[in-house]
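**Q** this is a predicted model, with the sequence first.
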Amino acid sequence: MSIIEKLFLAIGMATDAATVNISNGMQQKLQARQVLAISFSFGFFQFVMPLMGYALANSFFAQYVNKAIPYIALILLGFLGGKMLYEAFKKDDEEENNPKITIKKVIMQSIATSIDAFSIGILLVPYSFNEALLTVFLIGIVTVILPFIGFYVGRKFGDLFKSKAEIVGGLILIIIGIEIFLKGILH
């Protein structure tokens, strides 16, 4: 696999995380270091999941986990998106005073958007460990950069749409969950 192919793979793998972080940016203003921490969470899981897939590719366990990935992503992203929609329509002052982006939420988003990366690890089995590691490392780096940029894109849209931002963000998460699910069951 050429470096260009690796880069395109990394960009493709990072788009879900970037889109989710656009939705995060629409919800809440954060300091740059907080946005960087969120982006590192996405990058970390996008790095770890393919490594796990690569390590488990020849095991009995891999075929079952790979089949469950679309369902897990649909449930996690559907839950997060549904919760955002619920909160958007709930006009409770107490809810509006609480921060919307929590560590728990970021970790769930990171896992949900990277769980399909497990399959990429399985696809890397024909390559040497060093080449697979370079590919996975590139995926992790790109997945730090794109969500970081995405947050600020979302911040701009959030400023434009104000009250509709959480609704759009929730719908984005649900659509990504459905997309991962459909890709997984149709392939």
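**A** Cool, got the structure.
**Q** quick one: Ala68 and Ile75, what's the gap?
**A** Per CB to CB, to the nearest Å, Ala68 is found 10 Å from Ile75. From N, CA and C alone the C-beta is placed, and that goes for glycine too.
**Q** what's the answer for Gln34, then?
**A** 27 Å.
**Q** go on, Ile101?
**A** Where Ile75 is concerned, Ile101 sits at a distance of 20 Å (CB to CB).
**Q** what is the least confident helix or strand in this structure?
**A** Least confident helix or strand of the chain, by mean pLDDT, DSSP states H and E, is helix 93-97 with a mean of 47.
**Q** from the rest of the structure, what touches whichever helix or strand comes after that one?
**A** From helix 93-97 onward toward the C-terminus, using DSSP states H and E, the following helix or strand is helix 103-114. Surrounding helix 103-114, the residues in contact under the criterion CB atoms under 8 Å, 6 or more residues apart in numbering are 16-17, 20, 24, 38, 41-42, 44-46, 48-49, 72-73, 76-77, 79-80, 143, 173, 176-177.
**Q** elements contacting the following helix or strand past helix 103-114?
**A** Remark: after helix 103-114, the chain's next helix or strand is helix 117-123, criterion DSSP H and E. Secondary structure elements in contact with helix 117-123, counted by 3 or more CB pairs under 8 Å, 6 or more residues apart in numbering; DSSP states H and E, are helix 3-27, helix 32-56, helix 60-89, helix 129-161.
**Q** ranking these by mean pLDDT, which is last?
**A** Within the helices and strands packed on helix 117-123, the least confident segment by mean pLDDT turns out to be helix 60-89, at a mean of 74.
**Q** quick one, that helix and helix 3-27 angle?
**A** Helix 60-89 and helix 3-27 are oriented at 30 degrees to each other (axes from the mean of the first three to the mean of the last three CA atoms, to 10 degrees).
**Q** now the angle between helix 103-114 and helix 60-89, please.
**A** Going by the same axes, to 10 degrees, helix 60-89 makes 130 degrees with helix 103-114.
**Q** list the buried residues of helix 60-89.
**A** Applying a neighbour-count criterion of 16 or more other CB atoms under 10 Å, one finds 62, 65-66, 69-70, 72-74, 76-78, 80-81, 84-85, 87-88 buried in helix 60-89.
**Q** hang on, Ile72 packs against Phe118?
**A** No. Taking CB atoms under 8 Å as the definition, Ile72 is not a contact partner of Phe118, at 9.7 Å.
**Q** residues in contact with the helix or strand Gly170 falls within: which ones?
**A** Applying DSSP H and E as the criterion places Gly170 in helix 165-186. The set of residues that contact helix 165-186 without belonging to it, under CB under 8 Å, 6+ apart, is 16, 19-20, 22-24, 26-27, 69-71, 73-78, 80-85, 87-89, 100, 109, 112-113, 115-116, 154, 157-158, 161.
**Q** could you rerun that using 6 Å?
**A** Residues lying outside helix 165-186 but in contact with it, judged by CB atoms under 6 Å, 6 or more residues apart in numbering, are 16, 19, 23, 26-27, 69-70, 73-74, 77-78, 80-81, 84-85, 88, 116, 158.
**Q** cheers, nothing more for now.
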